[in-house]
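Participant: Predicted coordinates and the sequence they were generated for:
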Amino acid sequence: MKTGQKPYAKITWLLIILVVVSVGSLFLFPSVLGLSMERARLVRVLYKIRLPEVTIAITAGAALGLAGALMQILLDNSLASPFTLGISSASSFGASVAIILGFTHGIAWLSTSLFALIFAMAAVGLLMLVSSIMGISKKTIILVGMAVNFFFSSANTLIQYYASPDAVYQIVFWSSGSLTNAKLYDSLRLFLVFGFCLVISLLFSKDMAIIQHGERDALMKGINVNLERLLFLFVASLLASLSVSVVGVIGFVGLVAPHLCRLLGLDSPKLLIISSGITGGLMLVVADVLSKTLLHPTILPIGSITSVIGIIFLLILLIVKRRTSYEEVM
């Protein structure tokens, strides 16, 4: 009985840490909110500035963490992430188009987030179309995703080359990731999508576990492997697309969060799906705190913070795995 409870105890502790860090971020960072502060100003700082940032950090981080876990389970590849499919580059291209059109033609109503979402979903549609034609295998999805990524990255570089300096500055700022422009309704919308995708993922978690042990066994048990692969390819892409359209490109959360959960022994698809969402939210809240406090009052790009954390973690993980392999050989 105790053995069965242990993984869920770890998940509970992750959830408690997330709540504590989030509340601390709300009241303590980048500066402490004192009770002596004028009430109107206190309410404004809390509800207009800090609460939207904390809630979007939790929801976007959770969405990216869940998307990363699904991608790694789906492709059976520990280096897979939501951005393996070219979603980030497609979103960046869409945002760049909106920004450049706004600067050059004065089309003020163009929404950067909307364009980013449209192009990200277009990339997903293209990926799913080509994959279904060529065969829905793990290798096909990765190769097509890489092709989509390189295409939109090249297109983004090309249009920036002809854009005005002001437009390029705005594009770079958006691409670096930021939580400052998010509103509470963005968090609510993302939370609803995350909740729906989490429920769908948990309903199919047993099938994922069977597929991980071998596609042949899964087929013999009546599981439609190709259909489920397409379904969760769409789910992971939807989560990543919505997140990127709101907060910009924030890398490494979807890659690192599932690895952190595996280090805690949360390996099964069901446990990994739940814990990766919590860990992703925790990672982004911590990155938000660091971005606001390291060079206060300057706010660092949150995408840079997550990238540095991700690179350090991957290096540590490689060292630990190499040492473990060496000890096994000896």
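Facilitator: Now that the structure is in, tell me what you want to look at.
Participant: Going along the chain, name the helices of the stretch 1-150 of the chain.
Facilitator: Using DSSP state H, counting those that start in this stretch, the helices of the stretch 1-150 of the chain run over 2-28, 39-44, 51-75, 87-105, 112-134, 138-161.
Participant: Out of the ones you listed, which gets nearest to F232?
Facilitator: helix 51-75 (5.1 Å; C-beta to C-beta). The way it works is simple: take the backbone N, C-alpha and C, and place the C-beta from them, glycine included.
Participant: Can you give me the buried ones in that closest one?
Facilitator: Residues 52-75 are the ones in helix 51-75 that count as buried (16 or more other C-beta atoms under 10 Å).
Participant: what kind of secondary structure is L190 in?
Facilitator: helix (DSSP: H, G, I helix; E, B strand; the rest coil).
Participant: Tell me the confidence at it?
Facilitator: On pLDDT, L190 comes in at 91.
Participant: got it, and S325?
Facilitator: So S325 comes in at 56 (pLDDT).
Participant: Begin at 40 from now on, thanks
Facilitator: Taking 40 as the first residue, the last one we looked at is S364.
Participant: burial measure for Y208, as a count.
Facilitator: Counted by other C-beta atoms under 10 Å, the residues lying close to Y208 total 12.
Participant: and the angle for the strand or helix carrying it with helix 177-200?
Facilitator: Per DSSP states H and E, Y208 falls inside helix 204-214. With axes from the mean of the first three to the mean of the last three C-alpha atoms, to 10 degrees defining the directions, helix 204-214 sits at 150 degrees from helix 177-200.
Participant: Quick check: F190 touching G125?
Facilitator: Yes - the pair F190 / G125 is scored as a contact, 7.4 Å apart, by C-beta atoms under 8 Å.
Participant: quick one, which of these two is more surrounded?
Facilitator: With neighbours defined as other C-beta under 10 Å, F190 and G125 compare such that G125 has more, 26 against 16.
Participant: Was I right to think that one contacts L182?
Facilitator: No - the criterion here is C-beta under 8 Å, and G125 misses it with L182 at 11.3 Å.
Participant: related to what we said a few turns ago, which parts of the helix holding Y208 are buried?
Facilitator: Buried, per 16+ other C-beta under 10 Å, within helix 204-214: A206, V207, Q209, I210, W213, S214.
Participant: The second one contacts Q199, doesn't it?
Facilitator: By that I understand V207. Yes - if you go by C-beta under 8 Å, V207 and Q199 touch, sitting 5.4 Å apart.
Participant: which residues sit in contact with the residue most central in space within the chain?
Facilitator: Centroid check for the chain by C-alpha atoms, centre = their mean gives L103 as the closest residue, at 2.1 Å. By C-beta atoms under 8 Å, 6 or more residues apart in numbering, L103 lies in contact with P121, L278, A279, S282, I289, V292, G293, A296, G319, L323.
Participant: same thing with L114?
Facilitator: T123, K177, I180, I181.
Participant: Can you say which of the residues you listed are buried?
Facilitator: Using 16+ other C-beta under 10 Å, the buried ones in those are T123, I180, I181.
Participant: These into JSON lines, with extra columns for pLDDT?
Facilitator: Below are those laid out as JSON lines (pLDDT from 0 to 100):
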{"residue": "T123", "pLDDT": "78"}
{"residue": "I180", "pLDDT": "79"}
{"residue": "I181", "pLDDT": "81"}
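Participant: Considering those residues, which is situated nearest to F352?
Facilitator: Distances from F352 to the buried ones among the contacts of L114, taken by C-beta to C-beta, are shortest for T123, at 17.7 Å.
Participant: doesn't G320 make contact with T98?
Facilitator: Yes - between T98 and G320 there is a contact at 7.2 Å, judged by C-beta under 8 Å.
Participant: where does the stretch 140-289 of the chain have low pLDDT?
Facilitator: 142-149, 174-175 (pLDDT under 70).
Participant: Quick one: residues in contact with the helix holding Y208.
Facilitator: Contacts for helix 204-214 (C-beta under 8 Å, 6+ apart): 131, 134-135, 138-139, 141-143, 151, 199, 202, 287-288, 340, 342.
Participant: switch the cut-off to 7 Å
Facilitator: Here helix 204-214 makes contact (C-beta atoms under 7 Å, 6 or more residues apart in numbering) with S131, A134, S135, I138, I139, F142, T151, Q199, G287, V288.
Participant: Please pick the buried ones from the residues you listed.
Facilitator: Buried, going by 16+ other C-beta under 10 Å: S131, A134, S135, I138, I139, F142, T151, Q199, G287, V288, out of these.
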